[in-house]
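*Asks:* Give me a 3D structure for the following:
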Amino acid sequence: MKGHGNVTLNWHGDVLVGRYSGSFNLEGLEIARQSTYQYLDSVDFNTWYRIIIYDADAYASPEVIALAHSNEEQDITLGCLGIVRVTSSELQRGIFKSLQPDGSRAFIFVNTLEQAFIEIAKMKANHLAKDC
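*Replies:* Residues are numbered from 1 along each chain as shown. Predicted coordinates:
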C-alpha cells in the first residue's frame, strides 16, 4: 500500500521540529519514521528534544496513533529528553490523550510553536538543574 501523510522535519539547535499533515496510514508513518532516523543521523547530538506539530488536517487511525506513540517512546533510547506536541484543536488533543499508553511519559500539549519552545526551555533548565 502507498504511504499517506506528510512530514516536514527541521533542526532548531538541538530541537527536532516535525510538522505532520494529512491522513496517515501505517506505511506513511513508517516513511516519516525513516525520515526521523535520517535527521538524527545528520547531527552529532547525544541528547536532543522534539516538537511535534499536528496540522488541522492531520489524523490517523487508532492503530497508527498507537504506533506513533511507540515510536516516540523509542526516541528516549535515541537520546530524546522531552517531547512537546502542538495540536490544532481540543478534539485532536483529546484523541491523542485518550490513546496514550499506560505507563508512558506524560504528554505535554500546547497550542502554538512559541509555547512549545517555552516548554522545551523549561525542560532544558530542569535537566541542567539535575546535572548540577
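*Asks:* Give me the buried stretch members for stretch 25-35, please.
*Replies:* 25-26, 28-29, 31-33 (16 or more other Cβ atoms under 10 Å). (Glycine included, C-beta is placed from N, CA and C.)
*Asks:* Please identify which of those residues is nearest to I118.
*Replies:* Checking these against I118 by Cβ to Cβ gives A32 as the nearest, at 25.3 Å.
*Asks:* quick one: what helix or strand has the closest one in it?
*Replies:* Here A32, judged by DSSP states H and E, is contained in helix 26-41.
*Asks:* pLDDT averaged over the helix or strand following that helix, what's the number?
*Replies:* Next in sequence after helix 26-41, counting helices and strands by DSSP H and E, comes strand 48-54. For strand 48-54, mean pLDDT is 96.
*Asks:* List of residues touching strand 48-54?
*Replies:* 14-20, 40, 72, 75, 79-88, 92, 96, 113, 116-117, 120, 123-124 (Cβ atoms under 8 Å, 6 or more residues apart in numbering).
*Asks:* among these, which are in strands?
*Replies:* Among the contacts of strand 48-54, the members falling in strands (DSSP state E) are 15-20, 80-86.
*Asks:* Can I get those residues in TSV including pLDDT, distance to L9 and neighbour count?
*Replies:* Shown next, in TSV, are those (pLDDT from 0 to 100; distance: Cβ to Cβ, whole Å; neighbours: other Cβ atoms under 10 Å):
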residue	pLDDT	distance to L9	neighbour count
V15	97	11	20
L16	97	6	22
V17	97	7	20
G18	96	5	18
R19	97	8	17
Y20	96	10	24
C80	94	13	19
L81	94	18	16
G82	93	17	21
I83	93	14	22
V84	95	15	24
R85	93	15	21
V86	96	14	24
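*Asks:* Return the member of those nearest to T8.
*Replies:* Distance to T8, by Cβ to Cβ, is smallest for R19 among the ones in strands among the contacts of strand 48-54, at 4.6 Å.
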